[in-house]
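Engineer: sharing a model prediction with you, sequence too.
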Amino acid sequence: MNITLVIILVTVGVSLAAWNNPALMSRWIMNPYQVMNRGQYYRLLTSGFLHADWGHLLFNMLSLYFFGGFIEQVFAYLFGGNGGLYLIGFYLVGIVVSDIPTLLKHRNNPSYNSLGASGGVSAILFAAILFRPLTPIYLFFIPIGIPGFIFGALYLAYSYYEARRGYGNVNHDAHFYGAVFGVLFMIVVYPEVVPQFFDQVSGWRLF
């Protein structure tokens, strides 16, 4: 069993447990006020294993399944036998880093909560796009695949715009900063990916 599947199984297990245990959900959810005023920094990480409902959980875990395996192979190539450990660290740091802007923005709002693996999943998704920018990405409501580099640009623009608007219950900041972290990390550990990315994109044609 690969590391990606282990992460998925653990996340599903924790989410199910929290749905059946409101005290666990309350204790582990990301609440910036509790983090800043009571020093409960563990919430930055534990909230990444909680989800609001089946739709939220399935969307994140399917995305992780389709792209996590590839990044796991990349890390095995880059780091050898330690590739699995790097994947775990990359994913967990992505969750934490993506929550920091939310922590700062809502630190004085005791009623604000957020949860989900979107930061870590976005980090993995955008790391994969950096290596394979022409791979089509399919959305549930669009039957035609969108090349990864185009999807990535639209995703970042939309997440940034919605985060600035501040409406709704979706933590768009986590999506945006998780994606940025994933790209920057891969550039630091494997700089060659940048010219490779542009070589692939320059050869893309719509027709």
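Structural biologist: Now that the structure is in, tell me what you want to look at.
Engineer: contacts for the helix or strand of the chain with the lowest mean pLDDT, please.
Structural biologist: When each helix and strand of the chain is scored by mean pLDDT, DSSP states H and E, strand 142-147 comes last, with a mean of 80. With contacts defined as CB atoms under 8 Å, 6 or more residues apart in numbering, strand 142-147 is touched by 133, 134, 135, 136, 137, 138, 139, 154, 204. Heads up, the C-betas are built off the backbone N, CA and C, glycines and all.
Engineer: show me which residues of the helix ranked longest in the chain are buried.
Structural biologist: Counting by DSSP state H, the longest helix found in the chain is helix 54-79. By 16 or more other CB atoms under 10 Å, the buried positions in helix 54-79 come out as 56-57, 59-61, 63-64, 66-72, 74-76.
Engineer: ok, which stretches of this structure are strands?
Structural biologist: 136-139, 142-147 (DSSP state E).
Engineer: partner strands of the first one, with direction?
Structural biologist: In its sheet, strand 136-139 lies beside strand 142-147 (antiparallel), with partners assigned from DSSP bridges.
Engineer: so how far is residue 119 from the nearest residue to residue 155 once chain neighbours are set aside?
Structural biologist: Closest residue in space to residue 155, ignoring its immediate chain neighbours: residue 179 at 6.9 Å, by CB to CB, 6 or more residues apart in numbering. Using CB to CB, to the nearest Å, residue 179 is found at 9 Å from residue 119.
Engineer: still on that earlier bit, tell me the least confident of the contacts of strand 142-147?
Structural biologist: Among those, residue 139 carries the lowest pLDDT, at 76.
Engineer: how close does it sit to residue 102?
Structural biologist: 24 Å.
Engineer: looking at these two, which one has more neighbours?
Structural biologist: Higher neighbour count among residue 139 and residue 102: residue 102, with 23 against 10, using other CB atoms under 10 Å.
Engineer: can you tell me how far that one is from residue 8?
Structural biologist: Distance of residue 102 to residue 8, given as CB to CB: 24 Å.
Engineer: ditto for residue 75
Structural biologist: Here residue 75 is placed at a distance of 17 Å from residue 8 (CB to CB).
Engineer: then residue 147?
Structural biologist: Taking CB to CB as the measure, residue 147 falls 26 Å from residue 8.
Engineer: okay, now the unreliable bits of the protein?
Structural biologist: Residue ranges of the chain with pLDDT under 70: 1, 140-142, 166-169.
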